[in-house]
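J.: Only the shape, not the letters, is given here:
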């Protein structure tokens, strides 16, 4: 009987301890309140190895005065594949939006993804490898795909974690302030 009481006490204490906020750790509901993208709500500096494996994609390569999506993904992630398929299926909605697709995965996987989905057929989709793993900590990414939407002035509108319907993304752009 004593063992049962100790087990219940241990579970109760564990639950209370896990609910406590550690110093300098944001609360769950505002986990990204101090994230760099919230402090600097503009398109971040980019340094992505392009598909030619010789040059780099930077913020300057994104056309000015156009809405922009920064999409962090993994070529082998099923949700990322579905997100790409959703965008390509309704591409007429995205033709005037700059889309930057970045991954940290091996370069050959990025190239295979590009070939499989014919990304090269869409000049407004730019792809590259985030060799320095700079994007995930900037946005505090926890789930893929991750989408950050920016208005024509390069100001952050919103972010999404996980695959989204094309309609949801377009609604976010259309409801921008």
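T.: Arrived safely. No experiment lies behind these values; they were computed from the predicted model shown.

J.: Which residues does the most centrally placed residue in the chain form beta bridges with?
T.: With the centre of the chain defined as its mean C-alpha position, the nearest residue by CA atoms, centre = their mean is residue 146, 2.3 Å away. For residue 146, the beta-bridge partners under DSSP bridges are residue 72, residue 161.

J.: Now do the helices in the chain.
T.: Under the criterion DSSP state H, helices of the chain are mapped to 2-18, 36-39, 78-89, 91-94, 107-117, 135-139, 166-174.

J.: what packs against the fifth one?
T.: In terms of contacts (3 or more CB pairs under 8 Å, 6 or more residues apart in numbering; DSSP states H and E), helix 107-117 is packed against helix 78-89, strand 97-103, strand 125-129. C-beta here means a position set from N, CA and C on the backbone, and glycine is covered the same way.

J.: For it, buried residues please.
T.: For helix 107-117, the buried set under the neighbour-count rule, 16 or more other CB atoms under 10 Å, comprises 110, 113, 114, 117.

J.: low-confidence ranges in this structure?
T.: For the chain, residues meeting the criterion pLDDT under 70 lie at 1-31, 177.
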